[in-house]
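> Return a 3D structure for these sequence lines:
(one chain, ligands or ions: 1)
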Amino acid sequence: MEKINYKLIILAIIVLLAVFTFIAMKFSQVIPPSGGVQVGLFFPEDKEITAKGKELYLANCSSCHGVNLEGAPNWRSPDESGLMPAPPHDESGHTWHHKDELLFNIVKYGLEKAANLDNYETNMPIYENILSDEEIIAIMSYIKSSWPKEIIERHNQFDIRE
Ligand code: HEC
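This is a model prediction of the structure:
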């Protein structure tokens, strides 16, 4: 009979433990620079990030999405050119129905790429070469921080689920 190789078994257990720890860490909550608990990609609790995000929002996004995140008037129907107007980013819109990753991708790569659409015509710009990842995250953090607590909690659920 072959001798059981205990060293190999112990090694296998260590490797398995390391893999489980790694997976557990990946799915646990990330601690943002401010030390608060955060879910997903954005930092709605971090005052410094949201203040920067508000500044960037007002400079880059508010002309279409509204100074108070209220969106364009009649945003639910196409405009004269047949394109959709800018929706609100407050709780009355559908921004909060989307996961962080999708929102980030819409802003960075554009709706067409982010949502896998073909030849989708839109007035929503692509910010890949205009804003850094940190700036996009700051803007979205500001937007998320403006939602009522209950909406923030519901939005957190989307990011935990997947
Ligand atoms: C020139 C006008 C314009 C500017 C500037 C603009 N957007 Fe948009 N945005 C739109 C339009 C129009 C849509 C809707 C597109 C559609 O549905 O076809 C949109 C859609 C979006 C969506 C998807 C919302 C949803 O509910 O699906 C997000 C997120 C978004 N914009 C974020 C931003 C951010 C962040 C900025 C600033 C960095 C910005 N937008 C600047 C016009 C603009």
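
> all contacts plus neighbour counts: C-alpha atoms, from now on.
Will do.

> Please look at residue 51 and residue 143 and confirm they touch.
No - between residue 51 and residue 143 there is no contact under CA atoms under 8 Å: 10.6 Å.

> Neighbour count for the two, which is higher?
residue 143 (23 against 15; other CA atoms under 10 Å).

> separation between the spatially closest residue to the more buried one that is not a sequence neighbour and residue 59?
Take residue 143 and drop its neighbours on the chain: the residue closest to it by CA to CA, 6 or more residues apart in numbering is residue 89, 6.7 Å away. Residue 89 is 15 Å from residue 59, where distance means CA to CA, to the nearest Å.

> got a list of what the spatially most central residue of the chain touches?
Nearest to the mean C-alpha position of the chain, by CA atoms, centre = their mean, lies residue 100 at 2.0 Å. Counting by CA atoms under 8 Å, 6 or more residues apart in numbering, residue 100 makes contact with 40, 41, 42, 159.

> Identify all contacting residues around the lengthiest helix in the chain.
Identified as the longest helix of the chain according to DSSP state H is helix 6-27. Under the contact criterion CA under 8 Å, 6+ apart, helix 6-27 has no outside partners.

> hang on, the earlier thing: between residue 89 and residue 59, which has more neighbouring residues?
Neighbours per residue (other CA under 10 Å) separate residue 89 from residue 59, with residue 89 holding more: 21 against 11.

> Just to check, that one is in contact with residue 75?
No - using CA under 8 Å, residue 89 makes no contact with residue 75, being 11.4 Å away.

> what bits of the protein have low per-residue confidence?
Judged by pLDDT under 70, the chain has its weakly predicted residues at 1-2, 27-38, 160-162.

> Can you pull the residues of it lying near the ligand?
Contact residues, the chain versus the ligand (CA under 6 Å from any ligand atom): 57, 60-61, 63-64, 84-87, 94-95, 103, 106-107, 122-125.

> What is the end-to-end distance of stretch 106-122?
From start residue to end residue, stretch 106-122 stretches across 12 Å - CA to CA.
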